[in-house]
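Undergrad: quick check, what structure comes out for this input:
(2 chains)
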Amino acid sequence: MRIVVVGAGRVGYNISQALSGEDHDVILIDKDPQVLKAAANKLDVMTVMGNGASARTLEEVDIKSVDIMVAVTENDELNMIACMTAKQCGVPMTVARIRNSDYTSSHPYLLSYSSYGIDLIINPEHLAAQEIFRLIEVPMATEMEYFHDGKLSLIGLKIEKELAIAEQRISDLNLERFTIVAVIRDGKALIPRGNTKLLPKDKIFVLGETRGFQNLNDLIKTKTPVFKRIIIAGGGLITRYLLRLLRQKKNSLEIKIIEPQNELCKTLAGEVEGCSIICADPTKRDVLEEENLGAGDIFISLLGSENLNLVASLLARKLGVEEIICELGREDYIPLGDTIGVTATITPRLLTTNTVLKLVRKSNILNINLLQSGDAEIIELLPEENSPVTKGNLRDLNISPGIVIGAVIHDDKIIVPRGDTIINPYDHVIIFALKSAIPEVEKLFDTK
Amino acid sequence: MRLRLVFHTIGKILLLLAFIMFIPLQVAIFNRGTDVFAFGRSIALTLLVGALLSLIKPEGEFRRREGFAVVGLGWILLTACGALPYYLSGTTPTYTDAFFETMSGFTTTGATILPEIESVARGILLWRSLTHWLGGMGIIVLSLAVFSFLRQGASLFQAEVPGPFPDKIVPRLKKTAATLWLIYIAFTLTEVIALSWAGMSLYESVIHTFGTMATGGFSSRNLSVESFHSVLIEGIIITFMFLAGINFSLYYRALKKKSLKPLITNDETRVYTGIILLATLLITISLVTKMDLPLGESLRRAGFQVVSIITTTGFSSDNFDTWPVFARGILFTLMFFGGCTGSTGGAIKIARIVVLVKYARRQVQRAINPRLIIQTKLDSAPLPDEVIHEISAFFFMYIALFTFGALFLMATGEELVTSLTAAASTIGNIGPGFVGVGPLKNYSGLHIAAKWVLSFLMLAGRLEILPIFALFSPRFWRK
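TA: So this is what the prediction gives:
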C-alpha cells in the first residue's frame, strides 16, 4: 500500500518505521528538514519537505494514488486539514491525531468526522486513559488487549515470587479457561510447553474470556490485594479522560488527585465531582506520606513529564504501593519502569502508533514488539474454506513449535484449543507466533 | 563502525562484479582471443575474494559511516579486482597501469594509458567500456537494486549518486535504484540501435554507447569519434551525451506525468543548456575567425567538443589541442562545470555552480545593504543554509584537491598546462587534457606516483570527495 505520513515526530517516525518494514511504500512529509534527514538516513521511506496540509505538497507526492493518509503532527488543525484535503483527492482512508477535546467531544453542532473527511480520529490522551482504565479493571496486569469485540482478552502478567504459580510447571497449573500463549524471559519470547516452568521475573501473556479476568485469583491462585483508593498524580488531559471513564463505571473506589498547580486544581474542582483534589507536589515524599499511600492504593502517575512520573512512582513504590501505573512519554524509558517496580507503563505515542498499525493491517495484529520485547506477534485471523489450517485437528496438522493457537471462537463461543480441536472456516483464531514462524502462519491461513 | 556489515556488503558487490565479468569472457571466447584465460582467472579470483568477504556475518544497520566505508572501500576493491583482466592478459605492462585504466573506467573518466587501442583484444576492450557503463549509474546503486538486504542503505545511495541533494524518486530504495537503472538501460539500448543504424558495427556501437551514456569517453579507435568521419554518428553521440548529463530522476518525473514539463522547467537543466549554447557560440566564433574554418564545420566541431567536455565524457571529434587559446580556455573552464545532479556526469555539477553564483550575489547585495534578507532559491524553493555551506565546502575541497594534483604532477616534471589539465581532467572524470595529455596523447608516460595520485583524484571526483576524505581521516575509524 502507498501511505502518506504527515509529521515526522516520534509518532510519525515510529509509524513509518513499522510500515516500511512491512513492505508498504511510505512517504513522510514534514516542514523540518533536520528531522526528515534523520528519517531518510535510517528508514526506507521517501521524505518530502513541506506542509502536509497544502494541496501543492500533496500533489507532489501524487496523492491520488495514495491509499492511506495518516496526519500525526503536533498541530490538530493541520492534521484535520491534511485529511480533508487528502479526502478531496480521493484517498480512501484518512487518520488524524487530534488531542484537543474541543474538537473531539460529541456536541450537536459537531458533524460526524466522516463528513469532514476524516475516517479515524486518534486522541493519544484518550487512548492512554482507556488503556489505564482497562488496566485498573485487572489489577496486576501489565498489558491488556481486547480481541473479538472485547469478548476475549489478552493480559500480560509479571511472575512475582509471592505468586502461587511461580516455580510451577504449566502442565501442573490445570488451567481450564485460560491459555498461556507466551512467556517473555530475559526480553525474549518463548513458546510455552507443558513442562515449561514459570520463573520469577518472567512475563506471561494469558488469553481468555474477558469476564473470567475480572478476578485473577482463579489464575494466579493467590490473594490479590483489595484496592480501596485510586491516587492520581497530575491533573492533565489524561486524568480528565480517565475520570470520565471511571465515572461511567460507577466505581466504588475512592479517587484522589494530587496536582501541584493551583489554577489547574481549581479548574478540575469545578469540572469533576466525586473525587477529592489536593493541591500539592506528588514528587515530595512527605506529601505522599501525608496521604497515607500504601498497599491498598492504585497509584497512577500522569504528571506529563517522564522524569517527574518516574520519581513519583519510585516514591510510591517505597511507600509500599503495589499497583503503580506510570505514564512515560519516551519509549526508551519503558525498561526503567521495570527496574523501579512499576506494574505497567503507558506511552501515549506508542498507543497512537499501534492504533494506526492495526488500521493499516486491517486485522487485529498486535505486535508485541511495540508493547515489549520484540520477536513475536499476536494475530487474530479468519481462515477460509481452503485454508490448510481447517484440514484436520490440531495434533495432525503438525504445526511448528514457533506457533501457539491461543483461542478459537466458533459461533461466538470461545474454545480453548486442545490437540483434538478442529478449526472450521470463518472461525476467529487467535495466534501467537514467533517472527520466524510468521511465514508458516501465512501459509496455514492462505486460501489458495 | 560496523566493519562486519561493511565487508559483507563489499563481498556481495564483488560477487556481482565477478558475475558481470562473464560478459566480456563470452566475447573473448567468441573471438578466440588471447584474453580468455585472463578473464577466467580474474573471475575466479574475484569470486574467491567476494565469497570470503560475504561469509562474514553482518550485524547492525547502515549509518552514514558504513555508507561511506562501503562506497569508498568498495570502489577501491572493485577497481583492484576489475584491473585483473588487463594485468593478467598482459594488455598493460604493470599493475599500476591496469589499476589506473580500471579506475578511469569505473569513474567514467576515460583517461587511458593504452597507446594503441585498436590492437587490444576485443574482450578486454569490451570490459574497459563495460566498467564505464557500470560506474556511470553506479555499481553500488545497481547493488541496491539487486540485493534486498541493502534496503536500509540510504547512506550508500547518497554516497554514490552525484550531486548535493540525491533524492529518492519512489518511496522504496530498491525500486528507486531499479528505476534509475531501467531508465539508463533504456537510453543505452536506444543509442546502440541508433549507432548501428548510422553504420557502426554492433560491437563498436556498444563500446561507444557505454562511453556516451556513462559520460566516460573510452573509444575503440585511437582517434576516438573523429575516426568515423560521420556527421550522423557525431550527432547521435552529441544527443546522448547531452541527455546523459541531465538528472535522471527528471526523466522519471517526465514519464510519470507524460509531459516534458519537469525537464523544461528545471533550473539546472536550463542553465546546463544555456552554458552549452553559449560556449558553443564562443568557440565557433573563435574557430571561424582564428582558424578560418567554414561556419558549419566550426559549429560541428565546437558543439561536439563542448558537450563532450561539459558532460565530462571526453570523446574527441577533432584534435582540440590545436585550437585557438580562447577556445581551449573555454574548454578548460567547462572541465570544472560538469553535468547535472543525478546525471552520470562528473565534476562540480551545474546545480552547485548555480547555487554558488546566487550565494555570491546575495553576499554582494548584503554588503551594500546589510539588513537585506535574501533566500537562495533553486527551482523556486529556498535552500537551507546547511546545503549552501556543504556546497561551499565542497567547492573549496574540489579546488584544493585539483591544486594538489596539479602541483604533484609538476613535481614529477610535467609541464604547467599538462599538469593543470591532467589534474582538472581526472578529478572532473573527463579524460583528455591538453599538451602532454591531449586528445591524441595518453597518460602512459606519466611517473608511476603521478598515476596513483591521478587514480585517487578520479575516485575522489567520482564519489564527490567527502566519502573519500572521510575514509582517510583517523576520526572516521575511531570507535
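
Undergrad: quick one: residues in contact with whichever strand or helix holds B:Lys256.
TA: B:Lys256 is part of helix B:248-257, with elements assigned from DSSP states H and E. By CB atoms under 8 Å, 6 or more residues apart in numbering or on different chains, the list of residues contacting helix B:248-257 from outside reads A:62, B:137, B:167, B:169, B:179-180, B:183-184, B:260-263, B:266, B:269, B:342-344. Where C-beta positions appear, they are placed from N, C-alpha and C, glycine not excepted.

Undergrad: in helices, which of those residues fall?
TA: Among the contacts of helix B:248-257, the ones falling in helices (DSSP state H) are B:137, B:179-180, B:183-184, B:261-263, B:269.

Undergrad: quick check: the two most widely separated of these?
TA: Using CB to CB, the pair of the ones in helices among the contacts of helix B:248-257 lying farthest apart is B:Met137 and B:Lys261, separated by 24.2 Å.

Undergrad: buried among the ones in helices among the contacts of helix B:248-257? Need that as a selection in PyMOL.
TA: To isolate the buried members of those in PyMOL, using 16 or more other CB atoms under 10 Å in any protein chain shown:
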select buried, chain B and resi 137+179+180+183+184+262+263+269
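
Undergrad: which among the ones in helices among the contacts of helix B:248-257 gets closest to chain A?
TA: B:Pro262 (11.3 Å; CB to the nearest CB).

Undergrad: residues contacting that closest one?
TA: Taking CB under 8 Å, 6+ apart, we find B:Pro262 in contact with B:250, B:253-254.

Undergrad: low-confidence ranges in the chain?
TA: Since you didn't name a chain, this refers to chain A. A:104-113, A:149, A:174-176, A:187, A:213-225, A:250-251, A:361-375, A:447-448 (pLDDT under 70).

Undergrad: hmm, no, I was thinking of chain B.
TA: B:479.

Undergrad: buried residues in the longest helix anywhere in it?
TA: Looking across chain B with DSSP H, the single longest helix is helix B:385-411. For helix B:385-411, a neighbour-count test (16+ other CB under 10 Å) marks B:387-388, B:390-391, B:394-395, B:397-398, B:401-402, B:405-406, B:408-410 as buried.

Undergrad: also stretch B:138-147?
TA: Within stretch B:138-147, the residues that count as buried by 16+ other CB under 10 Å are B:138-147.

Undergrad: between those, which is nearest chain A?
TA: The closest of those, once distances to chain A are taken by CB to the nearest CB, is B:Leu144, at 10.3 Å.

Undergrad: the host helix or strand of the closest one - contacts with which helices or strands?
TA: Using DSSP H and E, B:Leu144 sits within helix B:139-146. Contact here means 3 or more CB pairs under 8 Å, 6 or more residues apart in numbering or on different chains; DSSP states H and E; on that basis helix B:139-146 packs against helix B:3-20, helix B:64-82, helix B:154-160, helix B:173-197.

Undergrad: most packed of those?
TA: Of all the helices and strands packed on helix B:139-146, helix B:154-160 carries the top mean neighbour count, a mean of 25, counting by mean count of other CB atoms under 10 Å in any protein chain shown.

Undergrad: render the CA-only coordinates of that one in PDB, please.
TA: Output of helix B:154-160 as PDB, limited to C-alpha atoms (Å, rounded to 0.1, in the frame of the first residue of the first chain):
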ATOM      1  CA  ALA B 154      20.100   5.000   2.100                       C
ATOM      2  CA  SER B 155      23.500   6.200   3.100                       C
ATOM      3  CA  LEU B 156      25.100   4.100   0.300                       C
ATOM      4  CA  PHE B 157      22.700   5.700  -2.200                       C
ATOM      5  CA  GLN B 158      23.600   9.200  -1.000                       C
ATOM      6  CA  ALA B 159      27.300   8.500  -1.100                       C
ATOM      7  CA  GLU B 160      27.400   7.200  -4.600                       C
END
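
Undergrad: chain center to that helix, what's the gap?
TA: Centre-to-centre, helix B:154-160 and its host chain are 16 Å apart (CA atoms, centre = their mean, to the nearest Å).

Undergrad: contacts for that helix, please.
TA: Here helix B:154-160 makes contact (CB under 8 Å, 6+ apart) with A:40-44, B:9, B:62-64, B:66-68, B:70-72, B:138, B:140-141, B:143-144, B:150, B:166, B:168, B:173, B:176-177, B:463, B:466-467.

Undergrad: and the angle for the helix holding B:Lys256 with helix B:173-197?
TA: 90 degrees (axes from the mean of the first three to the mean of the last three CA atoms, to 10 degrees).

Undergrad: buried residues in helix B:248-257?
TA: Taking 16+ other CB under 10 Å as the criterion, helix B:248-257 shows B:248-252, B:254 as buried.

Undergrad: just stretch B:272-290 next, same as before
TA: B:272-273, B:275-276, B:279-280, B:282-288.

Undergrad: what about chain A: which of those residues touch it?
TA: Subset of the buried residues of stretch B:272-290 in contact with chain A: empty, counting by CB under 8 Å from any CB of the partner chain.

Undergrad: and B:Tyr203, how far is that from B:Thr209?
TA: As for B:Tyr203, its distance to B:Thr209 is 11 Å (criterion: CB to CB, to the nearest Å).

Undergrad: those two: which has the busier surroundings?
TA: More crowded of B:Tyr203 and B:Thr209, by other CB atoms under 10 Å in any protein chain shown: B:Thr209, with 27 against 15.

Undergrad: in terms of helix, strand or coil, where does the more buried one fall?
TA: helix (DSSP: H, G, I helix; E, B strand; the rest coil).

Undergrad: could you list which residues are in contact with it?
TA: B:188, B:191-192, B:195, B:240.

Undergrad: do you know how far it is from B:Ile374?
TA: According to CB to CB, B:Thr209 stands 44 Å off from B:Ile374.

Undergrad: equivalent analysis for B:Leu287, please.
TA: Applying CB to CB to B:Leu287 and B:Ile374 gives a distance of 40 Å.

Undergrad: one more: B:Thr313?
TA: 36 Å.

Undergrad: more neighbours: those two, which one.
TA: Ranked by neighbour count (other CB under 10 Å), B:Thr313 and B:Ile374 place B:Thr313 first, with 37 against 14.

Undergrad: just confirm that one contacts B:Gly216, I think it does.
TA: Yes - using CB atoms under 8 Å, B:Thr313 is in contact with B:Gly216, at 6.6 Å.

Undergrad: name the SS class of B:Ser54, please.
TA: Classification of B:Ser54 using three-state DSSP returns helix.

Undergrad: next up, the contacts around the residue of the stretch 251-400 of chain B found nearest chain A.
TA: Residue nearest to chain A within the stretch 251-400 of chain B: B:Pro384 (5.3 Å; CB to the nearest CB). By CB under 8 Å, 6+ apart, the contact list for B:Pro384 reads A:Pro33.

Undergrad: just the strands in the stretch 101-250 of chain A please.
TA: Secondary structure of the stretch 101-250 of chain A (DSSP state E, counting those that start in this stretch): strands located at A:120-122, A:141-147, A:152-158, A:178-185, A:188-190, A:203-209, A:229-233.

Undergrad: what's the regular element (helix or strand) spanning B:Ile276 in contact with?
TA: If you go by DSSP H and E, B:Ile276 is part of helix B:267-291. With contact meaning CB under 8 Å, 6+ apart, helix B:267-291 is reached by B:242, B:245-247, B:250, B:263-264, B:293-295, B:298-299, B:301-303, B:305-307, B:310, B:323-324, B:326-327, B:330-331, B:334, B:337, B:339-341, B:350-351, B:353-354, B:378-379.

Undergrad: distance from the chain centre to that helix, please.
TA: With CA atoms, centre = their mean as the basis, helix B:267-291 stands 22 Å off its chain's centre.

Undergrad: rewinding a little: just the buried ones out of the contacts of helix B:267-291, please.
TA: Buried subset of the contacts of helix B:267-291 (neighbour count, 16+ other CB under 10 Å): B:242, B:245-247, B:250, B:263, B:293, B:298-299, B:301-303, B:305-307, B:310, B:323, B:327, B:330-331, B:334, B:337, B:339-341, B:350-351, B:353-354, B:378.

Undergrad: narrow the residues you listed to those in helices?
TA: With helices taken from DSSP H, the overlap with those comprises B:242, B:250, B:263, B:298-299, B:301-303, B:305-307, B:310, B:327, B:330-331, B:334, B:337, B:350-351, B:353-354.
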